[in-house]
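Visitor: Curious how this folds, go ahead:
(chains A and B)
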Number of protein chains: 2
Amino acid sequence: MSIPLILITNDDGIKSPGLRKLISIANSIGKVVVVAPDGPRSAQSNAITLEQPIRCDRVTIDKGRQIEYSCSGTPVDCVKLALNKILDRKPDICLSGINHGSNASINVIYSGTVSAAMEASINKIPSLAFSILDYSLDADFTESELFIKKIILKSLENKIPNNTCLNINIPKSIKSNKIKGIKVCHQASSKWVEQFNERFDPRGNRYFWLSGDFIIDDKTETSDEYFLKNQFISIVPVQYDLTSYESIDYVNSIFNNE
Amino acid sequence: MSIPLILITNDDGIKSPGLRKLISIANSIGKVVVVAPDGPRSAQSNAITLEQPIRCDRVTIDKGRQIEYSCSGTPVDCVKLALNKILDRKPDICLSGINHGSNASINVIYSGTVSAAMEASINKIPSLAFSILDYSLDADFTESELFIKKIILKSLENKIPNNTCLNINIPKSIKSNKIKGIKVCHQASSKWVEQFNERFDPRGNRYFWLSGDFIIDDKTETSDEYFLKNQFISIVPVQYDLTSYESIDYVNSIFNNE
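Guide: Predicted coordinates for the structure are as follows:
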């Protein structure tokens, strides 16, 4: 195989330690082009920027041999711009992350990290979204680094289908409990129960901060949350056809005589 | 059935004609509470606001008997706030829209209209997202109004499962070609091919406007795009489990020995 062209983005911003780690791993595999948001864009999902113009400029952040662009848009804007204005050919793979914090279970639908990877897969570029279950900017990637490199290499070597998007979550590094391996699995059933934090500004006007408790109501031993809890890396193949095929017949029985 | 409590939101903003029409229809069915963005939030997908506080204040826009709140957040923020801070009980149904423009096929993943409805369904509230294939703020709802009311009433009467989210698209009103009926169907395979519009500001710095061409590569006669083209209203049941179950075995064969 010739030297692979690797597109990298994230949602924590171009200076995020997780992104810098992913770039350094990818530099040892192929030619790397980074197009990443200029600051944090967590929980931006598949949002795109229609009401504002988008800036996207060449930058140098460190001494690595990657080429980098800093973008004022969302993670999905970054991928769209990369494919249409920056890269001179289709990349062999798109990597997103490493996100600081979980994108397992229901978090996948809010995640800018996974949405950026999904955007690449819509454009028939295999894509991998990486997240570590550690919100700290000092997250320890020592143990996960080797797994991440293996997953990228295997994905390139096995030529996973070009519309594949994999949502990869990595347990937090714990010295007493090493990562046990990789499990391909399904998204756990879960939801956030909001606890909006209500405050008043100096002029007496009310505002809210979004916050909440995360509830996993999945009892199976086959979900991403289950395997992460047991110190495995979880891989969930993700699709962008949101049709609930199993509901079509029932919904049709309600509306079919209209 | 007692008087239903109806939560309404959208992504075009609280003053959008499509929202005002949906409120007037819903006022004839039940008690209506509106929590909608204070301005346009198109293509915000499932984005939520974590980096900024959220404002949400009682407003009066017209003489209807609905109760209304204008919110600085995204469509999904509006639903989260409504369920956790504004409503004193779970609504019987959540309505989102009427969106000015299509949310059929791949547009579903970028749509704030559908994402707001999806958020309600995650919270076990049946939800209907309405969009009309007419970007004009003068879109003609005369013909679709009766269908929309019927769909809401049928959904309430038949007690559709509480985790149901229906993505409903309505063809543009054409005098010579009446709406033929309703079809429950699947999301068409399609994608946007971007054509970024490149410009330079007065200081000579480059910026881009996102724009693009929409490509439908679905040849089936069972998709939402097919039925819309044939002047039917399309209803796609939408799910938030993004797992590609059919890919699990294959992806597992790549990584199972790690």
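Visitor: Tell me where the stretch 1-150 of chain A has helices.
Guide: A:17-27, A:75-81, A:112-122, A:142-157 (DSSP state H, counting those that start in this stretch).
Visitor: chain center to the third one, what's the gap?
Guide: Chain-centre distance of helix A:112-122: 7 Å, with C-alpha atoms, centre = their mean, to the nearest Å.
Visitor: now the shortest one
Guide: Taking C-alpha atoms, centre = their mean, one finds the center of helix A:75-81 at 13 Å from the center of the full chain.
Visitor: How about residues contacting it?
Guide: Residues from elsewhere that reach helix A:75-81, judged by C-beta atoms under 8 Å, 6 or more residues apart in numbering or on different chains: A:7, A:9-11, A:35-37, A:41, A:44, A:46-49, A:54, A:56, A:69, A:71, A:73, A:94, A:96, A:112-113, A:115-116, A:119-120, A:123, B:110, B:194, B:196, B:208, B:210. Where you see a C-beta, it was placed from the backbone N, CA and C, and this is true even at glycine.
Visitor: re the thing from before, let's have the helices of the stretch 1-150 of chain A in CSV, adding mean pLDDT.
Guide: Formatted as CSV, those follow (pLDDT from 0 to 100):
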stretch, mean pLDDT
helix A:17-27, 98
helix A:75-81, 97
helix A:112-122, 97
helix A:142-157, 95
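Visitor: export the ones you listed to JSON lines and tack on distance to residue A:177?
Guide: What follows is the helices of the stretch 1-150 of chain A, written out as JSON lines (distance: least, C-beta to C-beta, whole Å):
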{"stretch": "helix A:17-27", "distance to residue A:177": "21"}
{"stretch": "helix A:75-81", "distance to residue A:177": "31"}
{"stretch": "helix A:112-122", "distance to residue A:177": "25"}
{"stretch": "helix A:142-157", "distance to residue A:177": "10"}
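Visitor: TSV for the ones you listed, including mean neighbour count and distance to residue B:163?
Guide: Below are those laid out as TSV (neighbours: other C-beta atoms under 10 Å in any protein chain shown; distance: least, C-beta to C-beta, whole Å):
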stretch	mean neighbour count	distance to residue B:163
helix A:17-27	21	33
helix A:75-81	29	26
helix A:112-122	30	21
helix A:142-157	17	32
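Visitor: what sits up against stretch A:60-67?
Guide: By C-beta under 8 Å, 6+ apart, the surrounding residues in contact with stretch A:60-67 are A:8, A:14-15, A:20, A:23-24, A:26-27, A:32-34, A:58, A:68.
Visitor: Tell me the one among these nearest to residue A:256.
Guide: Distances from residue A:256 to these, taken as C-beta to C-beta, are shortest for residue A:8 (47.7 Å).
Visitor: correct me, but that closest one touches residue A:29?
Guide: No. Between residue A:8 and residue A:29 there is no contact under C-beta atoms under 8 Å: 11.1 Å.
Visitor: Who has more neighbours out of those two?
Guide: residue A:8 (27 against 17; other C-beta atoms under 10 Å in any protein chain shown).
Visitor: how near is the more buried one to chain B?
Guide: 19 Å (C-beta to the nearest C-beta, to the nearest Å).
Visitor: which residues does the closest residue to residue A:34 other than its chain neighbours contact?
Guide: In space, and not counting its chain neighbours, residue A:34 is closest to residue A:68: 4.2 Å by C-beta to C-beta, 6 or more residues apart in numbering or on different chains. If a contact means C-beta under 8 Å, 6+ apart, then residue A:68 has A:14, A:33, A:34, A:35, A:36, A:58, A:59, A:60, A:61 as its contacts.
Visitor: The closest residue to the fifth one other than its chain neighbours: what's it in contact with?
Guide: Spatial nearest neighbour of residue A:36, excluding adjacent residues (C-beta to C-beta, 6+ apart): residue A:14 at 4.1 Å. For residue A:14, the contacting residues are A:34, A:36, A:37, A:38, A:59, A:61, A:68, A:70, by C-beta under 8 Å, 6+ apart.
Visitor: follow-up on the earlier one: farthest-apart pair in the contacts of stretch A:60-67, please.
Guide: By the measure C-beta to C-beta, A:24 and A:58 form the most distant pair in those, at 19.4 Å.
Visitor: what about residue A:52, neighbour count?
Guide: Other residues close to residue A:52 by other C-beta under 10 Å number 11.
Visitor: got the contact list for it?
Guide: residue A:72.
Visitor: low-scoring stretches of the stretch 151-258 of chain A, by residue?
Guide: Under the criterion pLDDT under 70, the flagged ranges of the stretch 151-258 of chain A are A:257-258.
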